[in-house]
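**Q** starting from these lines, generate the structure:
(chains A, B, C and D)
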Amino acid sequence: MKLTKRDVIAKRIAQELKDGDSVNLGVGIPTLVAKYIGDKKVYLQSENGLLGIGPPPNEDELDIDLIDAGKNPVSIMPDASYFDSAFSFGMIRGHHIDVAVLGTLEVDRYGEIANWSVPNQPILGVGGAMDLVAGAKKVIVASTLFTKDGSPKLVESLTLDSSGERLVNQFVTEYASFTFEDGKIFADDIYGDMTFEELQDKIGLPLTQK
Amino acid sequence: MKLTKRDVIAKRIAQELKDGDSVNLGVGIPTLVAKYIGDKKVYLQSENGLLGIGPPPNEDELDIDLIDAGKNPVSIMPDASYFDSAFSFGMIRGHHIDVAVLGTLEVDRYGEIANWSVPNQPILGVGGAMDLVAGAKKVIVASTLFTKDGSPKLVESLTLDSSGERLVNQFVTEYASFTFEDGKIFADDIYGDMTFEELQDKIGLPLTQK
Amino acid sequence: MEKLKTVDELEPLFKDRMRLLVGGFGISGTPLTVLHALPGFKAGDYEVVSNNLGDYGKGLHKVFEAGKIAKAIGSFFTINKEAVTAWSKGELAIDLLPQGTLAEAIRCGGAGIGGFYTPTAVGTKLAEGKEVREIDGVRYLFEKAIKGDLALIKAAKADKAGNLIYHTTARNFNPVMATAAATVIAEVDEIVEIGELRPEEIITPHIYVDYVVKSKYVKKGDDYVEVN
Amino acid sequence: MEKLKTVDELEPLFKDRMRLLVGGFGISGTPLTVLHALPGFKAGDYEVVSNNLGDYGKGLHKVFEAGKIAKAIGSFFTINKEAVTAWSKGELAIDLLPQGTLAEAIRCGGAGIGGFYTPTAVGTKLAEGKEVREIDGVRYLFEKAIKGDLALIKAAKADKAGNLIYHTTARNFNPVMATAAATVIAEVDEIVEIGELRPEEIITPHIYVDYVVKSKYVKKGDDYVEVN
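**A** Predicted coordinates for the structure are as follows:
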């Protein structure tokens, strides 16, 4: 069965995770990454105060107290621990989370992202997004490469509100995975049904092939 | 049996404590206050991470891990709790300790104290003294009224290093208990063998009787 | 147990324009019994500090619906559609903070710290008008500590002295809020004897807790249901 | 258990002029096994962050006696007479901080906070050269966060993942130091299976702990004695 775009992205991101990594998965596509971790021993953190999220719970195991940052019921691993919100964000800001996987709306050519304000909507929610952008050791952002009207989310400069001046390490889309260096965009890995030239053409920005 | 000067001071301070108070007792005379608390339900805090110090432990109960801030072995009350040093000083600085009882070397007529640097010695120890001065809801300082060479510890202005700009609420000596208001020294309670006039004469500063 | 009260006995504590610190993340760790009494209390015009404004029909959402909230300080109100509408109409003031900044500001408020420097949100709209300072080559944003008049928190168990422990992720903002308000009301599922909580496992020492209210809600799978 | 090492296996982690964060208050909560190995290791010239420099003949005092400490940052060195002498002779640099400021600075270092404002020590000699800022009518002192290269801490139990719990007041500075160093070595009395520590009681989650060393010391009344 062919994977959906979202699953292609999630699976590609899962490749980046290493044994022993502590990982925070944002809502949306990042949540799907958990499906593709396989045998790797990674520790999933949730900013509401949990290290060691387990597999999705069965109906009879649901506990409204035990949820992730997306407010979904979760189970825990045997090595899990709970802590309060201040400690949890200390863990995030203090560079103790190896990888944060976040959704994004735009990424500029330096790797600065906009992932919290919704276009044409009042800005009334930010949650833990900016803390994760600022604090995780490595930030991977996940998104389909184009908006519904076909414009690329990889842009010369952000049109939406920035999530912080910290630059992300990687942008994984359904066509390719990108990294950034001094304003140069590297198409590190092209696995979708577009060639390097087609990608460059559609994005409208110079890309570099590694 | 006549009480020693130190015991007179400790006993007088114990009178100030009320049921339900959380109290931090410094080393020296303040530690003796515990002997005179009687039936009052006060909660003794120790800045190394304990709320609920119990009576002195028996020889066979000694545990080198379980100590107070003066590094003496202690026991705990049934309602006690442990926490780390950062939380403990949050409790102190955050005004959650009702009364701190501290030793002092000098008190000026406004109630500013010097209680940490030793005269003619390098200044290499402060411990939790300044945090307690700054943070406790009420600060009571304890000391004999005169130094060994007879000079009063209640002074016009500090000659030793200040412990912070926060003014203490009460100064309890073996002769009297003093409070402070806008530079006026009130001899609230005289219980030793010196009269108000004798005290004023020996201290060499104007006192006010309440 | 002296600290144990019914929620109605606590009505006199609530005064107009007070700042309330309200624990919980979603419904997890939310003091539902206390919050659901607020619409019936006389006081209002509260300034509420909470991650969001409850779930639909539950928790702070009921207080908001009753018109008792003048201002909300938190990190995520997008899910509270009526709050967004009220904000657009100028009926509700909102201060938006990143969730970690919110948690840290409350912790600092409780720990006697006046303010702090966080790397979060530097260079964003949420940094507008705020001081930026470089410390050892990193740019940080200055944030002031947050304190409250009343904290409404939820714990799993209180002992009869008022020591608290929390259940799983229902801990969230509750322990820091317990330290940062002049008066603290803890709603709990269970009250146990002194000595039943080990001194090493206590998260909130009793001196932080002024009043304890027994919860009227019990968990039933992924919901809380009211019992008598 | 991968993280479990003998102290000698850890020698390569120690390098000249590193900043060590060392837990403990008196001897309570001090990683004696690790500290007593340091005089025999090649590296030295350490900058040590610790409340004081151990008790006579124990803990950091041994490291100091071996001439391995170039600078000490802490709150109470008066009881370490040789340290005072070394300081007078210019052989030891000392940075003195109030104990609460020390604890908070380390916590901030571990939590990604760059600095903070404390009311402690305003108007004293320890405030000289430091910024004072008024926030809501109160004067505060600016203090920078403290981080370290290596943290040497002591816990009661580690599970095989490295989750830690502490015994009584032996907790002290250990949990905050566990968060504030690039590499963390935890000396423990006991190692237990994963699952034996309840997730609610864990104080230091395993991701903070890089290496675990089994302590050679056991408590005997008011002392620690070495066992084989």
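
**Q** can you show me the helices along the chain?
**A** By default, I'm working from chain A. A:5-16, A:29-32, A:85-93, A:129-135, A:196-203 (DSSP state H).

**Q** that's the wrong chain, I wanted chain C
**A** Using DSSP H, helices in chain C cover C:32-37, C:60-65, C:81-88, C:99-110, C:174-179.

**Q** average pLDDT for the first one?
**A** Spelled out, that is helix C:32-37. The average pLDDT for helix C:32-37 rounds to 98.

**Q** do the longest one as well
**A** Across helix C:99-110, pLDDT averages out at 98.

**Q** got the angle between that helix and helix D:99-110?
**A** Relative orientation of helix C:99-110 versus helix D:99-110 (axes from the mean of the first three to the mean of the last three Cα atoms, to 10 degrees): 180 degrees.

**Q** so what's residue 46 up against?
**A** Since no chain was named, I'll use chain A. A:24, A:53, A:67-69, A:74, A:88, C:169 (Cβ atoms under 8 Å, 6 or more residues apart in numbering or on different chains). (Glycine included, C-beta is placed from N, CA and C.)

**Q** ah, I was thinking of chain C
**A** Taking Cβ under 8 Å, 6+ apart as the test, what C:Tyr46 contacts is C:17-20, C:63, C:68-71.

**Q** returning to what we had before: as CSV, the contacts of A:Ser46 with distance to chain B, pLDDT and neighbour count would be great.
**A** Listed next are the contacts of A:Ser46 as CSV, based on distance: Cβ to the nearest Cβ, whole Å; pLDDT from 0 to 100; neighbours: other Cβ atoms under 10 Å in any protein chain shown:
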residue, distance to chain B, pLDDT, neighbour count
A:Asn24, 24, 98, 29
A:Ile53, 26, 97, 24
A:Ile67, 26, 95, 25
A:Asp68, 26, 96, 22
A:Ala69, 24, 95, 27
A:Val74, 27, 96, 24
A:Ser88, 16, 98, 30
C:Thr169, 20, 98, 28
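
**Q** what is the nearest of those residues to B:Ala100?
**A** Nearest to B:Ala100 among the contacts of A:Ser46 is A:Ser88, at 31.7 Å by Cβ to Cβ.

**Q** what residue in chain C is the furthest from its centre?
**A** Residue farthest from the centre of chain C, counting by Cα atoms, centre = their mean, is C:Gly137 at 34.5 Å.

**Q** just the ones of the contacts of A:Ser46 in strands?
**A** A:24, A:53 (DSSP state E).

**Q** in a markdown table: the contacts of A:Ser46, plus distance to chain D.
**A** Converted to a markdown table, those look like this (distance: Cβ to the nearest Cβ, whole Å):
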| residue | distance to chain D |
| --- | --- |
| A:Asn24 | 12 |
| A:Ile53 | 11 |
| A:Ile67 | 15 |
| A:Asp68 | 15 |
| A:Ala69 | 16 |
| A:Val74 | 12 |
| A:Ser88 | 10 |
| C:Thr169 | 10 |
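
**Q** so which of the helices of chain A is the most surrounded?
**A** helix A:129-135 (a mean of 30; mean count of other Cβ atoms under 10 Å in any protein chain shown).

**Q** and it, how far from the chain's centre?
**A** 11 Å (Cα atoms, centre = their mean, to the nearest Å).

**Q** who's in contact with that helix?
**A** Counting by Cβ under 8 Å, 6+ apart, A:24, A:26, A:47, A:89, A:92-95, A:97, A:100, A:102, A:113, A:115-116, A:139, A:163-164, A:166, A:168, C:98-101, C:118-122, C:124, C:126, D:112 sit against helix A:129-135.

**Q** picking up where we left off before, closest to chain B out of the helices of chain C?
**A** Shortest separation from chain B across the helices of chain C is recorded for helix C:99-110, at 5.1 Å, computed as Cβ to the nearest Cβ.

**Q** next, format the contacts of A:Ser46 as TSV and append distance to C:Val188.
**A** Output for the contacts of A:Ser46, formatted as TSV (distance: Cβ to Cβ, whole Å):
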residue	distance to C:Val188
A:Asn24	30
A:Ile53	26
A:Ile67	20
A:Asp68	24
A:Ala69	25
A:Val74	23
A:Ser88	22
C:Thr169	17
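
**Q** find the nearest non-adjacent residue to the residue of chain A most remote from its centre, please.
**A** The centre of chain A is farthest from one residue, A:Asp60, which by Cα atoms, centre = their mean lies 30.2 Å away. With Cβ to Cβ, 6 or more residues apart in numbering or on different chains as the criterion, A:Asp60 has its nearest non-adjacent residue at 7.8 Å, and that residue is C:Gly221.

**Q** my guess is that neighbour meets A:Ile64, correct?
**A** Yes: at 7.2 Å, C:Gly221 counts as touching A:Ile64 under the criterion of Cβ atoms under 8 Å.
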